[in-house]
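> I would like to see how this sequence folds:
(chains A and B)
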Amino acid sequence: MPSSTHRPMKKADRPGWWGEFETEPGRWSRWLIGPMEFLARAIDNEWRFAWKSEGDLLSERVRHEKSLGDESVNSDHHCRRFTLENPGIKLRIMPRLADRPVIVRPETPLFLPPGQRATLYVSTGVWLVATPAYTDAPELMEIPLFRSTDTWFGHNTMEGELCYASLTNARTEVGLLAQVPHRAFTPIDIANSGQDSLAIEALRVPVTMLSLYSGKRGLLWTDKISFEREAGESAASLRISDHEELSSESATRLSAPRITEQTGIVHTFSRMFGKGEF
Amino acid sequence: MEEFFNSFTMESLRSWIQAGFILIIGMVAARLLAASLYKLTLTRMGPHTAATLRRVVFYLLTAIVLMAALRELGFSLGVLLGAAGVLSVALGFASQTSASNLISGIFLVAEKPFEIGDIIKVDAYTGEVLSVDLLSVKLRTFDNLFVRVPNETLIKSEITNMTRFPIRRLDIQIGIAYKEDIDKAREVMINTADAYPLCLDQPRPLVIFQGFGDSSLNLQFSVWATRENFLEVRNTIPERLRKAFADAEIEIPFPHRSLYAGSETAPFPVRVVE
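The predicted model follows:
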């Protein structure tokens, strides 16, 4: 039986599911974050983890329970152990963006006429990072809260890039996206300076180049991506910057980009948009 | 005999020692240089090109060292090259197969249909390329056997490189009963692929109608996976399909046989059992 249970709070005052947590030695602690059930236990000189991800991708559940027995873990869970000289009993649980770009599609193909500018909002799944909560502790593991489907992004089946396919669509208003605390929201500004309409059928969101921040109401936000299609069809500039959601006092950076690349770098047109036909 | 020993003057002894030194130091230097070049080029050019470059540089340096050593002994290079020409014709006749393999090897290196580390299929063998040598290519098959394939065979045969492209398509042939709705079966199959993260979302999974079979409507279900996950997808998808068809109550029929006894013969007796 859990000795303490943190019940879900109202959305307005809901804190993030991340942070430092003290566990009871030899007993399991459990985090229920959307579709993910993650358990951790410090025992002797090791940390043991068990997890499974199933059910509703957009589930709003966020719960932390302590002092659970061995019956909490069964054969459905994936398990991993880490032996350490000093495991401690405090664990740092943090979110991080995915390790590959994510392909997001609008609900229906979207066209941006010449000279127009639009902002699309996308949400992408985040990963959970577990580290013992002491200075210079090694990072133990990271796992996606929900395993997204693999997808191929390229002109043909010979050249391209392996990405994740987002199970949610790109929207023109952030309120249309499910407001769940285990997905990160990214605003994408698109400007079309070309001669003809820009068809947006698939968006490649380079989440590996973005930082992750905590926003209001325990939600996660990334940097903003600004994309300008220039007069020539083949070139476009991609910029990464902060935005108004991150200007509030509560916004703090939770994770750095996996890949650091200079902003303002010119990408080829096809690297951002795709038709998704082979 | 005495004349032979008399020819070994101090001068000639010194030449032999010098030639020996040139040979030993030259060979060591050639090996070191070739190895350094391999290390330098390995990350930039890959193991295949780096190994080829190492071999070419080593043989070139060996030839130079040999010529230098022979020159030190007083042999004329012109005569040597002439003799080498005659020798190569003689050797060519004597070792046609080896020469053919050697030339095939040069073509293989130039054409580059595969590299070290690729998985290739040649005739009955499928395996990982361990090395591409002058006379043969060495493979390690999946049951851990070492196979030496002569370069000539490779030039003459069809080679399938299984790892050239990063993604592969898996085709599964499946039959559904004649009473079933093809559209419903198609939907079930696509949903099965969509629910499995290792099946690629793009290129989209595909269901192709293959024809009216003896006992079933024959369909081909094609899904894409990365080459690393291909084997897992191949093992997992059929079971997932079977379960999905069972859940949707779509029948995968056994082979049916209709026996016609002809109009002249009496009908088969049929007995109804409960």
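> how about the residues of the stretch 51-200 of chain A near chain B?
Neighbours of chain B within the stretch 51-200 of chain A, by C-beta under 8 Å from any C-beta of the partner chain: A:103, A:147-153, A:157-158, A:160, A:162, A:165. From N, CA and C alone the C-beta is placed, and that goes for glycine too.
> Closest one to residue B:193 out of the residues you listed, please.
For these, the closest approach to residue B:193 (C-beta to C-beta) belongs to residue A:149, at 9.1 Å.
> wait, what's in contact with the closest one?
A:164-165, A:167, B:194, B:196-197, B:199-201 (C-beta atoms under 8 Å, 6 or more residues apart in numbering or on different chains).
> Please name the bridge partners of it.
residue A:165 (DSSP bridges).
> go on, residue A:42?
Judged by DSSP bridges, the bridge partners of residue A:42 are residue A:47.
> any idea how far it lies from residue A:87?
According to C-beta to C-beta, to the nearest Å, residue A:42 and residue A:87 sit 5 Å apart.
> So residue A:219 is in contact with residue A:179, correct?
Yes - taking contacts as C-beta atoms under 8 Å, residue A:219 lies within contact range of residue A:179: 6.5 Å.
> the more surrounded of the two?
residue A:219 (21 against 16; other C-beta atoms under 10 Å in any protein chain shown).
> what does chain B put close to chain A?
With C-beta under 8 Å from any C-beta as the criterion, chain B meets chain A at residues B:165-167, B:194, B:196-203, B:224-226, B:229.
> From those residues, list the buried ones, please.
Among the residues of chain B next to chain A, the ones that count as buried by 16 or more other C-beta atoms under 10 Å in any protein chain shown are B:166-167, B:194, B:196-203, B:224-226, B:229.
> which two in these are spaced the farthest apart?
B:166 and B:194 (20.9 Å).
> First-to-last residue distance for stretch A:204-215?
One end of stretch A:204-215 sits 23 Å from the other (C-alpha to C-alpha, to the nearest Å).
> Let me see the mean pLDDT of it.
Across stretch A:204-215, pLDDT averages out at 90.
> If you count neighbours, what's buried in it?
Those would be A:204-215, for stretch A:204-215 by 16+ other C-beta under 10 Å.
> Any residue of that stretch touching chain B?
No - shown here: stretch A:204-215 not in contact with chain B (C-beta under 8 Å from any C-beta), separated by at least 11.3 Å.
> could you flag which of the residues of the stretch 51-200 of chain A next to chain B are buried?
The neighbour count (16+ other C-beta under 10 Å) marks A:103, A:148-153, A:157, A:160, A:162, A:165 as buried among these.
> farthest pair in those?
Across those (C-beta to C-beta), the longest gap, 20.2 Å, separates A:148 and A:157.
> So which of the contacts of residue A:149 are in strands?
Among the contacts of residue A:149, the residues falling in strands (DSSP state E) are A:164-165.
> what would the contacts of residue A:149 look like in JSON lines with distance to residue A:198?
Converted to JSON lines, these look like this (distance: C-beta to C-beta, whole Å):
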{"residue": "A:164", "distance to residue A:198": "23"}
{"residue": "A:165", "distance to residue A:198": "21"}
{"residue": "A:167", "distance to residue A:198": "24"}
{"residue": "B:194", "distance to residue A:198": "28"}
{"residue": "B:196", "distance to residue A:198": "33"}
{"residue": "B:197", "distance to residue A:198": "30"}
{"residue": "B:199", "distance to residue A:198": "30"}
{"residue": "B:200", "distance to residue A:198": "26"}
{"residue": "B:201", "distance to residue A:198": "23"}
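> Could you save the contacts of residue A:149 as CSV and add columns showing pLDDT and distance to residue A:112?
Formatted as CSV, those follow (pLDDT from 0 to 100; distance: C-beta to C-beta, whole Å):
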residue, pLDDT, distance to residue A:112
A:164, 94, 24
A:165, 92, 22
A:167, 79, 24
B:194, 92, 28
B:196, 93, 34
B:197, 92, 31
B:199, 94, 31
B:200, 94, 27
B:201, 92, 24
